[in-house]
Every structure is written in C-alpha cells, then in structure tokens.
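**Student:** fold the stuff below for me.
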Amino acid sequence: MSSVRQKVEKPKILETDLYLPIKNLLISRGYEVKSEIGKADVMAVKEDETPIIVELKTSFSLTLFHQAIERQSITDHVYIAVPKESGKRFQTSLKRNKSLCRRLSLGLILIRLSDGFTEVILDPTPYQPRKSKTKQTQMLKEFSKRIGDPNMGGSIKEVQMTAYRQDALKCLFILYDDEDGALKASDIAKKSGVEKARNLVADNHYGWFERVERGIYALTAKGIEAHGFYQEDIQAIKENLEKNKPTIS
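**Tutor:** Numbers count the residues shown, from 1 in each chain. Down below sits the predicted model:
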C-alpha cells in the first residue's frame, strides 16, 4: 500500500501575533505602550519624548510603507515591524526593504515568532536624500542635446531616441545624401555638426557605418535600411539643422 504524504500547512500568521513582542520591547525601554490609537497599530510614549509609532504587517508590502509614511505626519519616530523568516528569498527582500526604509527615514524591527525575540534593524533618522551630481549633469547634458521630444513619457519601447542616436542619424543622412556615398570622417563632422563624428562612425555602435578606406566611411546595408526606418526622426533633425545652421548643404 502506497502511503500518501500529506502537505503540512504552516499556521497562518496574524498581525496580532506581532503585538506583544513589540509591546514588551518598548516597555523594556521605558515606554508606556497602547495599541490601535487612531490609525496607528502601536503607539509608545515616554514622558516628554517624541512618541513612537509602529506599524505591523505579516510581510513587507506597499501598504505597510504607505501606512508608515502617513504616520510620519504625527511623529518622526516611525517603525515598521514584520516577522523574521529564514531563507535566501527573505534575506534578499530584507536587504531591499532595509534600503527603502533608510531612504524613507523609517525604522525597521524584525520579530522571531518562535520565541518573541525582537531585533531592531534600523532606527528612524532624519531624511536627507543624497543626490548624484554626476547623474544630474549627465541628464542635463542629454536634455540639452536632445532634438525635440521624440519619445512618449511612460512608454516602454525597444528603441528610445537618445541624443547619441540622433547624432548617429545626423551622420547617417549626411552619408546617405552624399553623391559618392562615402566621406572623410572630418567632412561628416563638419556637415553634420557632430563634433565627435569621427569616434561615432568608428565605434559603429548601431552597425550603420563601415570604413572603406583609412579615415573614409560609408553606410552599411543596415545603415541604408535605418534611413528608411527613421524617416520622421531624420526629417526633424534636418529641419533643426537647417534652422540653426542654414549654411549646411
């Protein structure tokens, strides 16, 4: 007779299972603790100190962060508390959510349900967002170089129109319109207005260009095909060049 292995389901965790461990932690630190004060799951008060609020959830969720952020209108000392789990998946989630808590100036507490042990992973800190000057400079450069607004905000496209791609298209149509179909890199730069045209056609990031002689470049079959595919973008680029550089033929 074959035995049937029954699946043992883990007992369902409730938010109420998290309350007493958190209450005991705060009491041990000298706070008076009460639950369900207004919309807060847990509130702790000690004399004239800033009150503490803890939001409880059985796992990390967007709702948990929304609630915690809302509580920051009451106090700067807001924690989120979730059960501690084992396994790589939880550790990966913990790492990401710990980083998010730090960015949002939220505290984080883990609760080991087997014995009620609580571990304060993060304490709330004043929110001081760090800005990357390098990234800002790169984005401003891209903004200033981009011709028009060829992309649709929020869209997911395989091909986004960047300033670099627009520079490549400038070089492409200059070569396409040339009678011989091949030009010196310096001439491409002069006619297209792309200062780094020599590097661009040599790097050949899109596979549109090929070197036919030393310092002389022409279009590949892929480049000729791209000319037809990007007709609207090329037309907009041409109009921009004519507007700003009327002497370019």
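
**Student:** show me which residues of the longest helix anywhere in the chain are buried.
**Tutor:** Across the chain, the longest stretch assigned as helix under DSSP state H is helix 88-104. Across helix 88-104, burial judged by 16 or more other CB atoms under 10 Å covers Phe90, Leu94, Asn97, Lys98, Cys101, Arg102, Leu104. In short, each C-beta sits where N, CA and C put it, glycine included.

**Student:** and stretch 179-199, by the same measure?
**Tutor:** Of all the residues in stretch 179-199, those buried under the rule 16+ other CB under 10 Å are Ala182, Leu183, Ala185, Asp187, Ile188, Ala189, Lys191, Ser192, Gly193, Val194, Ala197, Arg198.

**Student:** picking up where we left off before, which one of the buried residues of helix 88-104 sits closest to Leu110?
**Tutor:** Leu94 (7.8 Å; CB to CB).

**Student:** look at the closest one and report its pLDDT.
**Tutor:** We have a pLDDT of 94 for Leu94.

**Student:** and the gap between it and Val82?
**Tutor:** With distances taken as CB to CB, to the nearest Å, Leu94 is found 9 Å from Val82.

**Student:** list residues touching both of those two?
**Tutor:** Shared contacts of Leu94 and Val82 (CB atoms under 8 Å, 6 or more residues apart in numbering): Leu110.

**Student:** the least confident helix or strand in the chain by mean pLDDT: what's the following helix or strand?
**Tutor:** The weakest-scoring helix or strand in the chain, judged by mean pLDDT, DSSP states H and E, is helix 133-145 (a mean of 79). Toward the C-terminus, helix 133-145 is succeeded by helix 163-177 as the next helix or strand (DSSP states H and E).

**Student:** list the buried residues for that following helix?
**Tutor:** Buried, per 16+ other CB under 10 Å, within helix 163-177: 164-176.

**Student:** domain assignment for the protein?
**Tutor:** Listed domain ranges for the chain are 16-122, 160-242 (source: automatic domain parsing).

**Student:** and the first one, how far apart are its ends?
**Tutor:** The reference is to domain 16-122. End-to-end span of domain 16-122 (CA to CA, to the nearest Å): 22 Å.

**Student:** and for the last one?
**Tutor:** One end of domain 160-242 sits 24 Å from the other (CA to CA).

**Student:** thinking again about what came up before, ok, the buried residues of helix 88-104 vs Val42, which is closest?
**Tutor:** Closest to Val42, out of all of the buried residues of helix 88-104 and judged by CB to CB, is Cys101, at 16.6 Å.

**Student:** my read: the closest one touches Leu108, true?
**Tutor:** Yes. The criterion here is CB atoms under 8 Å, and Cys101 meets it with Leu108 at 4.7 Å.
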